[in-house]
Structures are given as C-alpha cells and as structure tokens.
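**Student:** Predicted model and sequence below, questions to follow.
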Amino acid sequence: MFWNPGDAGAPTGELLIRTVKEVRNPLIAAAFRGIGLARQAGSGIRAIFRDWQRLGHAPPVIRSDEVRNEFELTLLGRATLVGERRPTRGTC
C-alpha cells in the first residue's frame, strides 16, 4: 500500500483516462520534467495499472479521500482466473 497526503485531484474513475491533469505545483513539476524524473501528470497511475496487470496481478485499488485529504494505492496479489487450478499442498 502506498499512501500520500492530498487527494488525487480528480475523481477516481478519471485517473486512468488519458487527459491533461491539473498540476498542483507547476514549478516543482517543471523542475522534475527538466531533469527527466517526471512526464505528463497522471501517466504514472496508468503505467502502474498496466504493468501490474501484465505481471498477472489483480488490478490495484485506489482510494482518494478529498475530505480527509489523502490518497492510497494498494497493489493486490496474483489474480486467480476463473477455471484456473492452483496446486494444493501435500499432493503431487
């Protein structure tokens, strides 16, 4: 689980949509982009979802609470697909 003070600044359903996001601190964002540590605002969440699911895990869970002013991203374990059999302990 990753926690951050400050809500997402957009509804959770919009975080995965490729749109221009509002930058909270444009000076810091410009500095990070200038040294190659940042890209377009919002692209990191999409990359996390894409890469985590490519590894076979369940989609991450986002909780953004504007009232409590906090954001949380939880990475879940491996997804079990319907019909997939998992080995049981003690059997060959």
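**Tutor:** All right, it came through fine. Numbering: from 1, shown residues only.

**Student:** contacts for the helix or strand hosting I45?
**Tutor:** Element membership of I45, judged by DSSP states H and E, is helix 43-54. With C-beta atoms under 8 Å, 6 or more residues apart in numbering as the contact definition, helix 43-54 has outside contacts at 15-16, 18, 59-60, 62, 73, 75, 79. C-betas here are computed from N, CA, C, even on glycine.

**Student:** Now that helix: average pLDDT?
**Tutor:** For helix 43-54, mean pLDDT is 86.

**Student:** which residues of the chain fall in strands?
**Tutor:** 2-5, 61-65, 70-74 (DSSP state E).

**Student:** I'd like these laid out as CSV, including distance to V23 and mean neighbour count.
**Tutor:** Output for the strands of the chain, formatted as CSV (distance: least, C-beta to C-beta, whole Å; neighbours: other C-beta atoms under 10 Å):
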stretch, distance to V23, mean neighbour count
strand 2-5, 15, 10
strand 61-65, 16, 15
strand 70-74, 15, 16
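
**Student:** Work out the gap between the helix holding I45 and the centre of the chain.
**Tutor:** The chain centroid and the centroid of helix 43-54 are separated by 6 Å, computed with C-alpha atoms, centre = their mean, to the nearest Å.

**Student:** Restrict that helix to CA atoms and write it as CSV.
**Tutor:** What follows is helix 43-54, C-alpha atoms only, in CSV (Å, rounded to 0.1, in the frame of the first residue of the first chain):
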residue,chain,number,x,y,z
SER,A,43,0.8,8.9,-16.7
GLY,A,44,2.3,7.1,-13.7
ILE,A,45,-1.1,5.7,-12.5
ARG,A,46,-1.8,4.3,-15.9
ALA,A,47,1.7,2.7,-16.1
ILE,A,48,1.2,1.1,-12.6
PHE,A,49,-2.1,-0.4,-13.6
ARG,A,50,-0.8,-1.7,-17.0
ASP,A,51,2.4,-3.2,-15.7
TRP,A,52,0.9,-4.7,-12.5
GLN,A,53,-1.8,-6.5,-14.5
ARG,A,54,0.8,-7.6,-17.1
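
**Student:** Fine by me, we can end here.
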